[in-house]
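> Give me a model of this one.
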Amino acid sequence: MKGNKLTLTYLALGGMLLLPAAGLAGRANQNDTPDKSANVRKITGCLVKGDSDNEYQVNAANGATWEVKSDAVTFAPHVGHTVTVTGTVNNAAAHGAKEKVKDKTMDNPNEHGHLTVTNMKMVSESCKQ
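Sure thing, here's the model as predicted:
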């Protein structure tokens, strides 16, 4: 009987130690909003400079590219960093419809859109993963 109680205690402690790890694993892909017709999106990726002044892009690990703009966030100091941006999709309904068609018909269905960013958080000082 005493051995069974010890075994149960060890199993319970082991389970408690694994819970935080399971929670972190579940968050790994939580940043990108899966609904391609959502008005507000949260995207994590590498911030790169665009072709002209005040033109920036976030390249997500899943191949999605987002042209980003903002009156509230300064992008320049974070070029080359991994960032998480939250913002509003420009023409969300049209974007969602276009992406659904791409999913079904194109060889390269990676999402591409335009996002007006309201918040940005630096994840890493590099884009290396």
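
> so the residue nearest to Asn119 when sequence neighbours are not counted is in which element?
Leaving out its chain neighbours, the residue that sits closest to Asn119 by CB to CB, 6 or more residues apart in numbering is Thr86, at 4.5 Å. (Glycine included, C-beta is placed from N, CA and C.) For Thr86, the host element (DSSP states H and E) is strand 82-89.

> For Ser70, list the residues it contacts.
Neighbouring residues of Ser70 by CB atoms under 8 Å, 6 or more residues apart in numbering: Gly87, Thr116, Val117, Thr118, Met120.

> what bridges to the first one?
Bridge pairing for Gly87 (DSSP bridges) gives the partners Arg41, Val117.

> one step back: with neighbour count added, can I get the contacts of Ser70 in a markdown table?
Below are the contacts of Ser70 laid out as a markdown table (neighbours: other CB atoms under 10 Å):
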| residue | neighbour count |
| --- | --- |
| Gly87 | 24 |
| Thr116 | 15 |
| Val117 | 22 |
| Thr118 | 14 |
| Met120 | 21 |
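
> which one of those sits closest to Thr44?
Thr44 has its nearest neighbour among those in Met120, at 10.6 Å by CB to CB.

> so what pLDDT did the closest residue to Val40 other than its chain neighbours get?
Excluding the flanking residues, the one nearest Val40 by CB to CB, 6+ apart is Thr88, at 5.9 Å. Confidence at Thr88, expressed as pLDDT, is 92.

> Fine by me, we can end here.
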